[in-house]
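> Below is the sequence, then the predicted model.
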Amino acid sequence: MDAILTAGGIPKPGEPLYEITQGQPKALVDVAGKPMVQWVLDALNASRYVEHIVIIGLAEDAPITSAKPLTHLPSQGHMVDNILAGANAILERAPQTEYALVACSDIPAITGEMVDWLAEQALAEPADAYYTVIEQKTMESRFPGSKRSYTHLKDITVCGGDINIFRPSLAHTNIEFWDKVIESRKNVFKQAALVGYDTLLLLLLRQLTLQAALEKVTRRLNLRGRAIVSPYAEMGMDVDKPFQLEILRADLARRAA
């Protein structure tokens, strides 16, 4: 299994992290003595399942290290485009690759053990895409005060994870799916149409379970999807605001000590 690591985000003036990053990539912000992205790289390197890493958005002379082979790609400007570019790079290197893991650079608390757990969940039950979610109680127990955004379903309240798994072949075989995603990325109404207004209404009314919501969305997108409820809050504890950065700096300083 190869991994795509997205690290191209640069906060703009007026955005919460701009005063900290000052025009530099968020991935390179110091967290407990090393760049934030390095913590994620270390977790991918520690995984038994990850063989090769495609990192998107950082130059080859960026101050990071990896014991496993690393391919650098420039940022394509948007998350979806970056994932597609990463998938294409994986398939060019190894056309028979069945699954790819995609992780954001701003979840520095993850570990190799967590990456392995997620890979094993995916390999146990075949699907086209696996979406990680974390229960509200799990997140707030591990990171109180993190102020994540939650989706309230009929049977569970969750936030989305920032490390997921998909078949890279989707980049070539499900063009309709990617076209819809790319077309809708800047238009809230097209995003709603992508999942279906009926599904959106049921979500808003909290009339869908997690499984029912997943089935409706994936059926509409013509793929097999699976939601994985993770016991690891670290998979969804990303850095969007300065106070979240401080939470993780303190947490990882304790780990490093």
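Looks like it arrived, so ask away.
> Which helix or strand in the chain has the lowest average pLDDT?
When the helices and strands of the chain are scored by mean pLDDT, DSSP states H and E, helix 188-195 comes last with a mean of 50.
> Roughly how far does Ala127 sit from Tyr99?
10 Å (C-beta to C-beta, to the nearest Å). The way it works is simple: take the backbone N, C-alpha and C, and place the C-beta from them, glycine included.
> can you check Ile110 too?
Taking C-beta to C-beta as the measure, Ile110 falls 18 Å from Tyr99.
> The two: who's more crowded?
Between Ile110 and Tyr99, counted using other C-beta atoms under 10 Å, the more crowded position is Ile110 (26 against 21).
> was I right about the more buried one contacting Ala233?
No - under the criterion of C-beta atoms under 8 Å, Ile110 makes no contact with Ala233, lying 10.1 Å away.
> Tell me which stretches of this structure form strands.
Under the criterion DSSP state E, the chain carries strands at the ranges 2-6, 30-31, 34-35, 53-56, 70-73, 100-104, 129-135, 151-152, 157-160, 163-166, 225-230.
> Leu48 against Glu113, yeah?
That one is not Leu; residue 48 is Arg. No - contact criterion C-beta under 8 Å: Arg48 and Glu113 do not qualify, at 9.7 Å.
> quick one: Ala32 and Thr111, what's the gap?
Counting by C-beta to C-beta, the gap from Ala32 to Thr111 is 14 Å.
> same deal with Ser149?
Distance, Ser149 to Thr111, using C-beta to C-beta: 24 Å.
> Comparing these two, which shows the higher neighbour count?
Thr111 (16 against 7).
> got a list of what the more buried one touches?
Ala43, Ala46, Glu234 (C-beta atoms under 8 Å, 6 or more residues apart in numbering).
> Pro126 now?
Taking C-beta under 8 Å, 6+ apart, one finds Arg224 in contact with Pro126.
> Just the ones of the contacts of Thr111 in helices?
Using DSSP state H, the members of those that fall in helices are Ala43, Ala46.
> The closest residue in space to Leu28 that isn't next to it in sequence and His52: what is the separation?
Ranked by C-beta to C-beta, 6 or more residues apart in numbering and with sequence neighbours excluded, the top spatial neighbour of Leu28 is Pro35, at 4.6 Å. Here Pro35 is placed at a distance of 20 Å from His52 (C-beta to C-beta).
> These two - which one has more neighbours?
Each of Pro35 and His52 has its neighbours counted (other C-beta under 10 Å); Pro35 has more, 22 against 19.
> Leaving out sequence neighbours, find the closest residue to the most centrally placed residue in the chain.
By C-alpha atoms, centre = their mean, the chain has its centre lying nearest to Asp162, at 2.7 Å. Among residues not flanking Asp162 along the chain, Cys104 sits closest, at 4.2 Å (C-beta to C-beta, 6+ apart).
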